[in-house]
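Novice: prediction below, plus the sequence it came from.
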Amino acid sequence: MIKLNENYANLQDSYLFSTIARKVANFQEKNPDKKVIKLGIGDVTLPIVPKVIEAIHKATDEMAKKETFRGYGPEQGYDFLREKIVEWDYQKRGISITKEEIFVSDGAKCDTANIQELFSKDNIIAITDPVYPVYLDTNVMAGRSGLFCEKTSKYEKVVYLPSTAENAFDPALPTQKVDMIYLCFPNNPTGTVLNKEQLQKWVNYARENHAIILFDSAYEAFISEENVPHSIYEIEGAKEVAIEFRSFSKTAGFTGIRCAYTVVPKKLKVDTLSLNALWNRRQCTKFNGVPYITQRAAEAVYTKEGQKQVKENIAYYMENAKLIREGLEEAGYTVYGGINAPYIWLKVPDGMTSWDFFDYLLEEKNVVGTPGSGFGPSGEGYFRLTAFGSRENTIEAINRMKENN
Ligand code: PLP
């Protein structure tokens, strides 16, 4: 008889966003006249910038002509895009990465999930807590997590690295040996960052313990402060121990277009095996590349006009973040993030859980956010608001939260 992958039975229901949707739908049904403002979802809302649209039209027309039509492209991505990535995202920052180290893909979500295929099931994984849920769930699917404990809300074999106000969102190094460390900075959900010295500590740990860092910098474009690394490769010695994930999703509003890339340095080896060669093998076997039109769209981001336009969109979101941060502080809340990331992480009032605060905000202020506990046990007592809404809705939501607070 056919047997299923029993690890799937060990997955916890991803009930966070479905519970939110259900609660909001119930509320709207009972209160059809109330305008509910949603600042919960981490998706962009501004349209694709003109320079990218122009490239999409041009590439589409090329596909309509026999002479310029393209079929399957290189699994790793077209050179025209890989070269632009190297130049704009690395060389301009003084980092030497070659195009052979870049793998263009259809999303950082799939890449951060798929990469764990290269590693044995016996490895111990470490995740920051709270965390972007994909890192954890994909390792559960692979049988690397051990069983889930209802009492602690943790998987028994996973090493959780609490990241809270108590440690200034700078998680301590694990006290037990770990093999695969997921780091995401600027962080989703906390919106916080680590500086160079703080990241150096992780690179040193990985080098000393023969561990690997899986560094997700999907929000790199939102960094506004100096001394906050845009890439893990700004850290000395990182090329021997880190894989980096980047995405056009939040940088250029590509959540619906789908384009990202992963950097696997040639220097990165486990024993004598090159991870670059392994990832290349995996991609060539299981992936047939990102559409030509999409890659031309991504290429257009790396032009003077394209940069100006995507930066204007980011500035719009970050102005929202500032309004949320300052408005909430005025209302007496303690807030984190929102300076180098489009996420604001607020401390819920004493005596309330993250879900209590969700209910309060929905029912009293008709504003929707995301309860911190949905991102991991250390997210309890916190709440996430995103800066991706419209200016008008952001201002209205914050005014409501300030009223009679
Ligand atoms: N990594 C982080 C930390 C994210 O928050 C997200 C999306 O919300 C992703 C990756 C997904 O990126 P992509 O749209 O490229 O799959």
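Specialist: That came through fine.
Novice: around the ligand, which positions in the protein sit nearby?
Specialist: With C-beta under 6 Å from any ligand atom as the criterion, the chain meets the ligand at residues 42, 107-109, 132, 184, 188, 216, 218, 247, 249, 255, 260. Quick note: C-beta positions are derived from backbone N, CA and C, even for glycine.
Novice: those residues in strands, which ones?
Specialist: Those of the residues of the chain next to the ligand mapping onto strands are 184, 216, 247, 260, per DSSP state E.
Novice: which residues are in contact with the second one?
Specialist: Right, the one you point to is Asp216. By C-beta atoms under 8 Å, 6 or more residues apart in numbering, Asp216 lies in contact with 108, 112, 132, 135, 182-185, 244-245.
Novice: save the residues you listed as CSV, and put in distance to Tyr336, neighbour count and pLDDT too.
Specialist: As requested, the contacts of Asp216 are exported to CSV (distance: C-beta to C-beta, whole Å; neighbours: other C-beta atoms under 10 Å; pLDDT from 0 to 100):
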residue, distance to Tyr336, neighbour count, pLDDT
Ala108, 23, 25, 98
Thr112, 23, 24, 97
Tyr132, 17, 22, 93
Tyr135, 21, 24, 96
Tyr182, 20, 24, 98
Leu183, 17, 23, 98
Cys184, 15, 25, 98
Phe185, 13, 28, 98
Glu244, 24, 27, 98
Phe245, 23, 24, 98
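Novice: which residues of the stretch 251-400 of the chain fall in strands?
Specialist: Assigned by DSSP state E, counting those that start in this stretch, the strands in the stretch 251-400 of the chain fall at 260-263, 269-270, 273-274, 335-337, 343-347, 367-368, 370-371, 382-386.
Novice: okay, those, which one's buried deepest?
Specialist: strand 382-386 (a mean of 27; mean count of other C-beta atoms under 10 Å).
Novice: domains of this protein?
Specialist: The record's domain split for the chain, according to automatic domain parsing, is 6-47+305-402, 53-303.
Novice: thinking again about what came up before, make a markdown table from the strands of the stretch 251-400 of the chain and add mean pLDDT to it.
Specialist: A markdown table is the format used below for these (pLDDT from 0 to 100):
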| stretch | mean pLDDT |
| --- | --- |
| strand 260-263 | 98 |
| strand 269-270 | 94 |
| strand 273-274 | 95 |
| strand 335-337 | 98 |
| strand 343-347 | 98 |
| strand 367-368 | 97 |
| strand 370-371 | 96 |
| strand 382-386 | 98 |
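Novice: could you dump those into JSON lines with distance to Tyr90 added?
Specialist: Formatted as JSON lines, those follow (distance: least, C-beta to C-beta, whole Å):
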{"stretch": "strand 260-263", "distance to Tyr90": "8"}
{"stretch": "strand 269-270", "distance to Tyr90": "20"}
{"stretch": "strand 273-274", "distance to Tyr90": "19"}
{"stretch": "strand 335-337", "distance to Tyr90": "26"}
{"stretch": "strand 343-347", "distance to Tyr90": "25"}
{"stretch": "strand 367-368", "distance to Tyr90": "38"}
{"stretch": "strand 370-371", "distance to Tyr90": "33"}
{"stretch": "strand 382-386", "distance to Tyr90": "28"}
